[in-house]
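A.B. asks: what's the 3D shape of this:
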Amino acid sequence: MTGPLAKYRALLAEARLSPDVAQAMAVEKLESLHNALGSYHPSQGASGWFGRFGFGQRTVRRLQWTPGDCESCEPKQGLYICGDVGRGKSMLMDLFFASVPVEAKRRVHFHAFMQEIHGEIHQWRREPVRKDDDNLIVHLARTIVKRSWLLCFDELQVTDIGDAMILGRLFQALFAEGVVVVVTSNRPPDELYKYGLQRDRFMPFIALIKQHLDILELNSEGDYRLGRKKGMQVYYTPLDGSSEDALGHCFDRLTDGKPPLAEQIHVQGRHWTVPRSADGVAWFTFGELCRATLGAADYLALATLYHTVVLSDVPRLSPADRDAAKRFVTLIDALYEHKVTLICSAAVPPQNLYDAGDGAFEFHRTVSRLMEMQSESYLQRQHLT
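C.D. replies: The predicted structure is shown next:
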């Protein structure tokens, strides 16, 4: 099977990408890892006659991959690619994932993965027989490895104390099971959960990442995604079939046509759903985002996790819609402050969205921001996570 390096060079030849020294270095590392995985499998279970009856020691192979420029000669179990937003981290990981000759593989947004882990933990603790957490972590790790031993995590970031408290033990168990991990993140390992509560309990996770993964900083000069937004129309009116089609085209353009999936956002001990998402782009209707019981913390979490929000069916607002209008104002403030691209369809232009009645005056700043968020200068800004 063709590796990520050949696929990357093909994209350059087709002028779908521009030459980039940092990306070239990253894809060569991924090519090396791709080749090392051709003959690797984390063999599990006891071997020989005793193993048939469940006796004997479990045997686990570890990947013996040594990156060429790694400071240490210690073999690594994967790659951690970090850098600012838009540097092409996810794109490169997708090239690797699509080409690697492994069946037991999984690519998942890190936030979605942690939501699954919390669900498994909740289910475990509901069992009538009380079990200790050490057995829980081992159970989780072995369950994960049985399904997929090559794990590709996109956009690793840690903001929740619940995640921070279990990551060290979970990944220690995963590495012990022989998993291979590829990670993308906006932060280098030492800056993860930087000002979080009880960060000392999170430090073992950072140590594990630095011990088991090769760390590569992708310091390109430009955001490769910004070219896709150049000249893009982001506000469509009126609400009709052509506007909805245009939103779909924008979504496909920014996600390379990936099928949208539902994801969960975890905020202050509760969860809410992003109905459609892919590659850092989230899509909602106005009702899903502004008529639901969501608040500032929810919108800030959304603005942190996604570089683009597609919002369809924004109606003309009036005092009868005051609650939804307030949420819309809060949403726009959060998206604007984090430099999120907003692509929306609306019944009328921004200046006419809420132009009469109680609350119309307070809406003026939102109108101003909606106008600015359509400008080329705003669309070329870096998303703030």
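A.B. asks: Any buried residues in stretch 321-329, and which?
C.D. replies: 321, 324, 325, 327, 328, 329 (16 or more other CB atoms under 10 Å). For the C-beta atoms, the positions are set from N, CA and C on the backbone; glycine is no exception.
A.B. asks: show me the residues around the second one that make contact.
C.D. replies: With contacts taken as CB atoms under 8 Å, 6 or more residues apart in numbering, residue 324 has the following neighbours: 286, 290, 291, 317.
A.B. asks: Just the buried ones from the residues you listed?
C.D. replies: 286, 290, 317.
A.B. asks: quick one: which of the residues you listed is nearest residue 302?
C.D. replies: Nearest to residue 302 among those: residue 290, at 11.9 Å, using CB to CB.
A.B. asks: Could you double-check that the closest one sits in contact with residue 329?
C.D. replies: No: checked against CB atoms under 8 Å, the pair residue 290 and residue 329 is beyond contact range at 9.4 Å.
A.B. asks: before we move on, the earlier item: next step: the buried ones among the contacts of residue 324 restricted to helices.
C.D. replies: 286, 290 (DSSP state H).
A.B. asks: Among the buried ones among the contacts of residue 324, show me the least confident.
C.D. replies: Of all the buried ones among the contacts of residue 324, residue 317 carries the smallest pLDDT score, 92.
A.B. asks: returning to that earlier point: quick one: which of the buried ones among the contacts of residue 324 is nearest to residue 356?
C.D. replies: Closest approach to residue 356 among the buried ones among the contacts of residue 324 (CB to CB): residue 317, at 9.8 Å.
A.B. asks: Make sure the closest one is actually in contact with residue 350.
C.D. replies: No: with contacts counted by CB under 8 Å, residue 317 stays clear of residue 350, the gap being 11.3 Å.
A.B. asks: tell me the two of the contacts of residue 324 that are most distant?
C.D. replies: Those two in these that are separated most widely, counting by CB to CB, are 291 and 317, at 11.5 Å.
A.B. asks: Show me the contact partners of the helix or strand containing residue 264.
C.D. replies: Secondary structure from DSSP states H and E places residue 264 in strand 261-267. Residues from elsewhere that reach strand 261-267 (CB under 8 Å, 6+ apart): 109, 111-112, 114-115, 118, 160, 162, 271-278, 282, 297-298, 301-302, 305.
A.B. asks: Cross those residues against helices and list the overlap.
C.D. replies: If you go by DSSP H, the contacts of strand 261-267 have 111, 112, 114, 115, 118, 162, 297, 298, 301, 302, 305 in helices.
A.B. asks: In ChimeraX, how would I select the buried members of those?
C.D. replies: Provided next is the ChimeraX selection string for whichever of these are buried by 16+ other CB under 10 Å:
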select :111,112,114,115,118,298,301,302,305
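A.B. asks: just the ones in helices among the contacts of strand 261-267 now: which is nearest residue 254?
C.D. replies: Nearest to residue 254 out of these is residue 305 (CB to CB; 15.0 Å).
A.B. asks: my guess is the closest one meets residue 111, correct?
C.D. replies: Yes: here residue 305 reaches residue 111: they are 6.3 Å apart, a contact under CB under 8 Å.
A.B. asks: Next, count neighbours for residue 293.
C.D. replies: With neighbours defined by other CB atoms under 10 Å, the count for residue 293 comes to 8.
A.B. asks: for it, helix, strand, or coil?
C.D. replies: Of the three states, residue 293 takes coil according to DSSP: H, G, I helix; E, B strand; the rest coil.
A.B. asks: Now do the same for it: its pLDDT.
C.D. replies: 92.
A.B. asks: again, but for residue 46
C.D. replies: So residue 46 comes in at 40 (pLDDT).
A.B. asks: how near is the nearest residue to residue 197 once chain neighbours are set aside to residue 196?
C.D. replies: Spatial nearest neighbour of residue 197, chain neighbours left out: residue 161 (5.1 Å); criterion: CB to CB, 6 or more residues apart in numbering. Between residue 161 and residue 196 the computed distance is 6 Å (CB to CB, to the nearest Å).
A.B. asks: ok now the strand holding residue 264, how far from the chain's centre?
C.D. replies: Relative to its chain's centre, strand 261-267 lies at 11 Å (CA atoms, centre = their mean, to the nearest Å).
A.B. asks: and that strand, which strands flank it?
C.D. replies: In the sheet, strand 261-267 lines up against strand 270-278 (antiparallel) (DSSP bridges).
A.B. asks: got a list of contacts for the partner strand?
C.D. replies: Here strand 270-278 makes contact (CB under 8 Å, 6+ apart) with 109, 115, 251, 255, 258-265, 282-284, 288, 292, 294, 298, 302, 306.
A.B. asks: how about a cut-off of 10 Å?
C.D. replies: 109, 111-112, 115, 118-119, 251-252, 254-266, 281-285, 288-289, 292-294, 297-298, 301-302, 305-306, 308-310 (CB atoms under 10 Å, 6 or more residues apart in numbering).
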